[in-house]
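> Sequence and predicted model, in that order:
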Amino acid sequence: MYIAMNNIELDASADDIGKWEVQMRKGSLSLAVLAALWDGALYGLEILRRLEEVARFRVVEGTIYPLLNRLKSAGFVESEWVESDTGHPRKYFQLTDKGRRYLSGLSRTWRDFESGINALLGPLESRAHAKRRAS
């Protein structure tokens, strides 16, 4: 199905783009969670808030805890229960040294990937702007 947007034909529906975005977010969730922990220990809801506020990355609670457990099993994060003044204890997660090294490597890989994609998309943006000005 072709749709026109700003005189540009797309071979994808908005639903297809939405599905692609979901897959892209799933693929980068571990990177985002590890990056959120770079500055120090956070408990689950703080991680969710940080992802949403800083990266506009909305994640449901039921997704974050299994991921944190996988990261813990891999040795990238460690956790500790801390008593809270407001009632129930909270489980805080923080990066291990192995997690910091892993995140540094992921960050380099992400930057290389981002640079390559931007190099491919740059000419498309220039052509799209030129077409809009010519119209």
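That came in fine, so what should we check first? Please read all numbers here as calculations on a predicted model, not as lab measurements.

> Check which helices and strands the host helix or strand of residue 72 sits against.
For residue 72, the host element (DSSP states H and E) is helix 61-73. Using 3 or more CB pairs under 8 Å, 6 or more residues apart in numbering; DSSP states H and E, the elements in contact with helix 61-73 are helix 14-36, helix 44-55, strand 77-84, strand 87-95. Every C-beta, even on glycine, is put in place using the N, C-alpha and C of the backbone.

> So which of those is nearest residue 117?
Nearest of those to residue 117, taken as CB to CB: helix 14-36 at 10.8 Å.

> doesn't residue 67 make contact with residue 29?
Yes. Applying CB atoms under 8 Å, one finds residue 29 in contact with residue 67, separated by 6.3 Å.

> can you pull the contacts of residue 119?
Contacts for residue 119 (CB atoms under 8 Å, 6 or more residues apart in numbering) come out as none.

> how big is the angle separating the longest helix anywhere in the chain from strand 77-84?
Using DSSP state H, we find that the single longest helix of the chain is helix 97-134. Here the directions of helix 97-134 and strand 77-84 differ by 100 degrees (axes from the mean of the first three to the mean of the last three CA atoms, to 10 degrees).

> Can you list the buried residues in helix 97-134?
99, 102, 103, 106 (16 or more other CB atoms under 10 Å).

> Could I get those in a markdown table, plus columns for pLDDT and distance to residue 112?
Below are those laid out as a markdown table (pLDDT from 0 to 100; distance: CB to CB, whole Å):
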| residue | pLDDT | distance to residue 112 |
| --- | --- | --- |
| 99 | 98 | 20 |
| 102 | 97 | 16 |
| 103 | 97 | 15 |
| 106 | 95 | 11 |
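
> quick check, nearest of the residues you listed to residue 13?
Nearest to residue 13 out of those is residue 106 (CB to CB; 31.8 Å).

> In the chain, where is pLDDT below threshold?
The chain contains residues with pLDDT under 70 at 1-12, 128-135.

> contacting residues around the helix holding residue 72?
29-30, 33-34, 44-45, 47-48, 77-79, 93, 99.
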